[in-house]
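In: How does the following fold in three dimensions:
(one chain, ligands or ions: 1)
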Amino acid sequence: MRGMEKHRLTVLVGPTAVGKGTVVARLLELYPEIYLSISATTRPARPGEVDGKHYHFISREKFKQMVDEGDFLEWAEVHGMNYYGTPRRPIEEALESGRAALLEIDLAGARLVREQMPDAHMIFLAPPSWDELVSRLRGRGSETEEEMERRLQTARLEMEAQGEFDEVVVNLEVDRTARELASLMGLA
Ligand code: 5GP
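Out: Here you go, the predicted structure:
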């Protein structure tokens, strides 16, 4: 860390299958002092998901209460079904205490954060090429054809929004990408 200088909030956005999860996991392994924001959601936990680790799983009533009280930096209804939001306090506290803070959300959420925090550092994680993204998604084999089409559609829109970001990092190799992010975050 650079003396008592505070970090800017870093917002990381990237299309499906770009390897965002893997890169963030490696980044946290290298720099455990980073605060990674945990979103709140009204959707039920999937098998293996841990409350307070992957998400804060909360009721609709509680979510609405948090919205009313201004607890979220941004929130959205995703797929017209469930609500997702970024709790504001833990991020402010992390930044206040001199920690670097990282948000991994979708493009719409990132735009809302930028409106609220114009100082946020917006980073886009891009695949080496469009074809590479398609083959990574197909290689994963975890989605139906329809789901893949939907994800690629969203990915296309996200790729088109690259110009809105402060930095574009191409994910060629996990470790290298994680170190590049750390450097952009002022950690390396
Ligand atoms: P999932 O239910 O698969 O975990 O996430 C569904 C979608 O919600 C993903 O596109 C993810 O990026 C988005 N999401 C997760 N947390 C948040 C959040 O706090 N705010 C916003 N705007 N989107 C989120």
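
In: going forward, measure contacts between C-alpha atoms and count neighbours the same way
Out: Noted.

In: Which positions in the chain make contact with the ligand?
Out: By C-alpha under 6 Å from any ligand atom, the residues of the chain that approach the ligand are S39, W75, A76, V78, Y84, G85, T86, I105, D106, G109.

In: The first one reaches R89, doesn't it?
Out: Meaning S39. No. Contact criterion C-alpha atoms under 8 Å: S39 and R89 do not qualify, at 11.7 Å.

In: between the two, who's got more neighbours?
Out: More crowded of S39 and R89, by other C-alpha atoms under 10 Å: S39, with 22 against 12.

In: Tell me where the model's unsure across this structure.
Out: Scanning the chain for pLDDT under 70 picks out 1-4, 79.

In: Please name the nearest non-neighbouring residue to E104.
Out: Nearest residue to E104, sequence neighbours excluded (C-alpha to C-alpha, 6 or more residues apart in numbering): L12, at 5.0 Å.

In: Any idea how many residues pack against the spatially closest residue to L36 that is not a sequence neighbour?
Out: Distances taken as C-alpha to C-alpha, 6+ apart put L102 closest to L36, at 4.9 Å, once the chain neighbours are dropped. Residues within reach of L102, counting by other C-alpha under 10 Å, total 22.

In: For L102, give me its contacts.
Out: Counting by C-alpha atoms under 8 Å, 6 or more residues apart in numbering, L102 touches L9, T10, V11, L12, I34, Y35, L36, S37.

In: surely the fifth one meets A25?
Out: No. Counting by C-alpha under 8 Å, A25 is not a contact partner of I34; they are 11.0 Å apart.

In: And the two? Which one has more around it.
Out: Using other C-alpha under 10 Å as the criterion, I34 and A25 rank with I34 on top: 20 against 14.

In: With adjacent residues omitted, what lies nearest to that one?
Out: Of all residues not flanking I34 in the chain, A100 sits nearest, at 5.1 Å (C-alpha to C-alpha, 6+ apart).

In: give me phi/psi at that neighbour?
Out: phi -80, psi 140 (degrees, to the nearest 10).
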